[in-house]
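>>> Turn this into a model:
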Amino acid sequence: MKYTNSIPEWMLESENYIPPKDSDGFITKTILSIGGVLSKAKYNGNVASSGSVPIKLITIFVLILLMALSRNMFFTYFVLAAVLLRICLLREKVLKKVIGTAFAAFCFSMIILLPAVFLGSPKTMLTVSIKVFLSVSLVQILSVTNPWNQITGALRAFHIPALFILTFDITLKYIVLLGDICLNMLEALKLRSVGKNRDKKRSFSGILGVTFLKSQEMSEEMYQAMICRGFDGEYQIYQKQRFQAIDLLYLLLLVVYIGLFCYLEGII
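Numbers count the residues shown, from 1 in each chain. Have a look, this model is predicted:
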């Protein structure tokens, strides 16, 4: 048997594989959108915040309720002054987040109420839009200055059922976890995609299917962990929120605004 040292001709031929051009805008936009939502969900308040969260919740709820009931715009302007002052004390990154979300809600309400201008009630559009801006700003300030676990834990102070709080808390956490899984699979799909994919929607539906199966697996694991640890349905709060000196300021502010509302509405 003879052996030759010659190289086959097919191995000497050059292969310049140029994959066809493909637009990956679908995957890129999906990754960016999911990443944006996760960045908002993961943000748990890096701003140093003091005060009791239940007191803040009461203050925000009462202010939003009074704005909804108020027929005098002077009261809304007083609330606007306080909200803008509080926003100015936030850091730049947090300030942009609060203003951006509130302004988006303001523009959306303006568009929804645009027919009121043609019906002869332009003041209604402006009044409602300003109140929406203030309501969203108050909620956003609370969310960016306090972690979600403190906010959900504060709900127990109002005797809200533990099952509701537990479901709400777990939902927030698992939205972030499943979003991370979906984001990682999208990035893997983008890195491994070679050539032109004519059926991108099918790939995305596969990712959603895997995410759904993963959510079922995680829910089963959590259920088994709750059984092993003897969970009895009671929502435990390990960090008690104590009444602080700044809470007096919130309560004083609340009393002032209630008195101002009663005065402007002619109640007193």
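
>>> Quick check, residue 83 in contact with residue 139.
No: shown here, residue 83 and residue 139 do not form a contact pair, counting by C-beta atoms under 8 Å, at 11.0 Å. The C-beta positions use only the backbone N, C-alpha and C, and glycine is treated the same way.

>>> more crowded one of these two?
residue 83 (19 against 16; other C-beta atoms under 10 Å).

>>> Which other helices and strands does the helix or strand hosting the more buried one contact?
Secondary structure assignment for residue 83, by DSSP states H and E: helix 73-88. Using 3 or more C-beta pairs under 8 Å, 6 or more residues apart in numbering; DSSP states H and E, the elements in contact with helix 73-88 are helix 53-69, helix 92-112, helix 122-145, helix 245-264.

>>> Just the mean pLDDT for it, thanks.
For helix 73-88, the mean per-residue pLDDT is 89.

>>> Would you mark the buried spots in it?
The neighbour-count check on helix 73-88 (16 or more other C-beta atoms under 10 Å) flags 75-76, 78-80, 83, 87 as buried.

>>> Direction-wise, compare that helix with helix 122-145 and give the angle.
30 degrees (axes from the mean of the first three to the mean of the last three C-alpha atoms, to 10 degrees).

>>> Name the next helix or strand downstream of whichever helix in the chain runs longest, please.
Across the chain, the longest stretch assigned as helix under DSSP state H is helix 162-192. Sequence-wise, the next helix or strand downstream of helix 162-192 (DSSP H and E) is helix 200-228.

>>> Which neighbouring elements make contact with that next one?
Counting contacts by 3+ C-beta pairs under 8 Å, 6+ apart, helix 200-228 is packed against helix 25-42, helix 162-192.

>>> Residue 265: how many residues sit nearby?
As a burial measure, residue 265 scores 14 neighbours (other C-beta under 10 Å).

>>> With adjacent residues omitted, what lies nearest to it?
Leaving aside its sequence neighbours, residue 265 sits nearest to residue 72 (C-beta to C-beta, 6 or more residues apart in numbering; 6.4 Å).
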